[in-house]
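Visitor: predicted coordinates and the sequence they were generated for:
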Amino acid sequence: MGPVEIVAQGVVFQGEKGTGRSSCAFPGIAVLPGGRWVCGFRAALLKRESAGQQAMIILSDDEGQTWTDPSSPFMPPAVGGHPGLFRAAYPAALGGDRLLAALCWVDHSDPSLPFFNEETEGLLDTRVFLAASEDGGTTWSEPWLVDTAPFHVPTPLTGAVLVLPDGGWGLQFELNKTYFDRSPWRHASIMMFSLDAGKSWPEHSIVAQDPKRRLFYWDQRPGLLADGSLLDLFWTYDRAHAEYLNIHARRSRDNGRTWSEIWDTGVPGQPGPPVALTDGRAVMVYVDRTEAPSIKLRVSPDGGKTWPPATESVLHQPALGLQSGKKGSLQEAWTEMENFSLGLPAAARLPGGDILVVFYSGPEPDLTDIRWLRVRP
């Protein structure tokens, strides 16, 4: 199979320079059976600052030709007496007009503090909330806090809740350390499981963690394959050499409870979640920053083991300079991330078999749009 065809594309929301909706990022996408597209994203004045950020929802009923005005339907509650803001909203389709939004809450007690503490490598307190919609994303319930015990550290989300083949839900997040903790960071990608529609989360699995604390399997991106197995993709960072490795992957055949050995996909970049095609192949949309950044796509014929270069397509390549280079530390890697103005693709399969892709893109990190592409494999 050669490169795919882009059959349609457009803008979900155009960043509004100098406003609280200038820097738009962290998109998520859900497609409802009736054809509605539901997109969540984070809007802020500046990418690197959390003050004023909001989790937004925007809808399209005509396959992306027009979109509603974005709404900010989620009121962030206080946690432990501390005010917070929602940093992201990732929608998941539950059947019919039902939706579930996974919300990333961040402590906002001191607006002057950056999200990442460069001295300690800790994060502001970060929690997971959920909210439900029964009417296709027009209205939403009040958000409720997820009990992530035994994990009582910052737990930033990495994407939407997955509806698993056994009928349960899979919740994905990372483990980070608290803001002023100076002990070594023991990063992990986690999945928690609920069999009662999110009322309780009694099980979890550690999807990826390096016991030597050298490799960080960041931004896990799990997705269901055609055979019901889970494929999880990781943006992989080697802190000993301060460099990104190729995308790594693991597979689970028991609804995320146990995982295969991790492997190197041979593909450089930061992945979005895999999407299963009707013929059993898998699609991966990713950001390649080895040169000028671009959104690319590859197809795997064997459950994510290989991603042949001949299947590569460039989906979006704006006129940007190099945004990733040689780094000397984890702190420099975080600073570099703050300067990205293209990335974080998410994807969903459309009823006819096409793939819908959303991502953020703009001329500078503080002025970015949310864009969409319809791709025909």
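Guide: Looks like it arrived, so ask away.
Visitor: following the lowest-mean-pLDDT helix or strand in the chain, which helix or strand comes up?
Guide: Every helix and strand in the chain was compared by mean pLDDT, DSSP states H and E; the lowest is helix 330-338, with a mean of 77. Next helix or strand after helix 330-338 toward the C-terminus (DSSP states H and E): strand 342-349.
Visitor: so after the longest strand seen in the chain, what's the next helix or strand?
Guide: The strand that spans the most residues within the chain, counting by DSSP state E, is strand 84-95. The C-terminal neighbour of strand 84-95 among helices and strands, as given by DSSP H and E, is strand 98-107.
Visitor: now the stretch 201-350 of the chain, which segments are flagged as low pLDDT?
Guide: 323 (pLDDT under 70).
Visitor: ranges for the strands of it?
Guide: Counting by DSSP state E, counting those that start in this stretch, the segments of the stretch 201-350 of the chain that form strands are 203-208, 215-224, 230-238, 243-244, 246-252, 263-268, 270-271, 275-276, 282-288, 294-300, 313-316, 342-349.
Visitor: how about those strands in CSV, adding mean neighbour count?
Guide: The way it works is simple: take the backbone N, C-alpha and C, and place the C-beta from them, glycine included. As requested, the strands of the stretch 201-350 of the chain are arranged in CSV below (neighbours: other CB atoms under 10 Å):
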stretch, mean neighbour count
strand 203-208, 19
strand 215-224, 23
strand 230-238, 23
strand 243-244, 17
strand 246-252, 21
strand 263-268, 16
strand 270-271, 24
strand 275-276, 22
strand 282-288, 24
strand 294-300, 23
strand 313-316, 18
strand 342-349, 23
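Visitor: got these as CSV, with distance to Thr66 columns?
Guide: Formatted as CSV, the strands of the stretch 201-350 of the chain follow (distance: least, CB to CB, whole Å):
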stretch, distance to Thr66
strand 203-208, 38
strand 215-224, 28
strand 230-238, 32
strand 243-244, 38
strand 246-252, 35
strand 263-268, 35
strand 270-271, 30
strand 275-276, 25
strand 282-288, 24
strand 294-300, 23
strand 313-316, 21
strand 342-349, 19
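Visitor: to Ala188, which of those lies closest?
Guide: Among the strands of the stretch 201-350 of the chain, strand 203-208 comes nearest to Ala188, with 5.5 Å by CB to CB.
Visitor: and the closest one, what does it pack against?
Guide: strand 188-194, strand 215-224, strand 230-238, strand 246-252 (3 or more CB pairs under 8 Å, 6 or more residues apart in numbering; DSSP states H and E).
Visitor: apply 6 Å and report the result again.
Guide: On a contact count with 3 or more CB pairs under 6 Å, 6 or more residues apart in numbering; DSSP states H and E, strand 203-208 meets strand 188-194.
Visitor: for the longest strand of the chain, give the mean pLDDT please.
Guide: The pLDDT scores in strand 84-95 average 97.
Visitor: list the buried ones in that strand?
Guide: Gly84, Leu85, Phe86, Arg87, Ala88, Ala89, Tyr90, Pro91, Ala92, Ala93, Leu94 (16 or more other CB atoms under 10 Å).
Visitor: run the chain-centre distance for it.
Guide: 10 Å (CA atoms, centre = their mean, to the nearest Å).
Visitor: the inter-axis angle of it versus strand 342-349?
Guide: 20 degrees (axes from the mean of the first three to the mean of the last three CA atoms, to 10 degrees).
Visitor: so what strands line up beside strand 84-95?
Guide: Strand pairing for strand 84-95, using DSSP bridges, gives strand 98-107 (antiparallel).
Visitor: average model confidence for the strand it pairs with?
Guide: Rounded mean pLDDT across strand 98-107 is 97.
Visitor: rewinding a little: and which of the buried residues of strand 84-95 is nearest Trp307?
Guide: Nearest to Trp307 among the buried residues of strand 84-95, counting by CB to CB, is Tyr90 at 24.2 Å.
Visitor: thinking again about what came up before, out of the buried residues of strand 84-95, who's nearest Tyr244?
Guide: The nearest one, if we look at those relative to Tyr244 and count by CB to CB, is Ala88, at 21.9 Å.
Visitor: touching, the closest one and Cys104? I think so.
Guide: Yes. Using CB atoms under 6 Å, Ala88 makes contact with Cys104 at a distance of 4.3 Å.
Visitor: tell me the contacts of the residue lying farthest from the centre of the chain?
Guide: What lies farthest from the middle of the chain is Gly81; by CA atoms, centre = their mean that is 28.0 Å. Gly81 makes contact with no residue under the criterion CB atoms under 6 Å, 6 or more residues apart in numbering.
Visitor: roughly how far does it sit from Asp107?
Guide: According to CB to CB, to the nearest Å, Gly81 and Asp107 sit 11 Å apart.
Visitor: using CSV, write out every CA atom in stretch 143-163.
Guide: Output of stretch 143-163 as CSV, limited to C-alpha atoms (Å, rounded to 0.1, in the frame of the first residue of the first chain):
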residue,chain,number,x,y,z
PRO,A,143,-17.5,16.7,36.6
TRP,A,144,-16.7,14.1,39.2
LEU,A,145,-13.2,13.3,40.6
VAL,A,146,-11.7,9.8,39.8
ASP,A,147,-10.2,8.0,42.8
THR,A,148,-6.8,7.0,41.3
ALA,A,149,-5.7,5.1,44.5
PRO,A,150,-3.1,3.8,45.1
PHE,A,151,-1.6,6.6,43.1
HIS,A,152,-1.6,9.8,45.1
VAL,A,153,0.8,11.9,42.9
PRO,A,154,0.1,14.1,39.9
THR,A,155,-1.7,12.0,37.3
PRO,A,156,-1.9,13.9,34.0
LEU,A,157,-4.2,12.4,31.4
THR,A,158,-2.9,11.0,28.1
GLY,A,159,-6.2,10.6,26.3
ALA,A,160,-9.8,9.5,26.3
VAL,A,161,-11.3,6.7,28.3
LEU,A,162,-11.4,3.5,26.2
VAL,A,163,-14.4,1.3,26.0
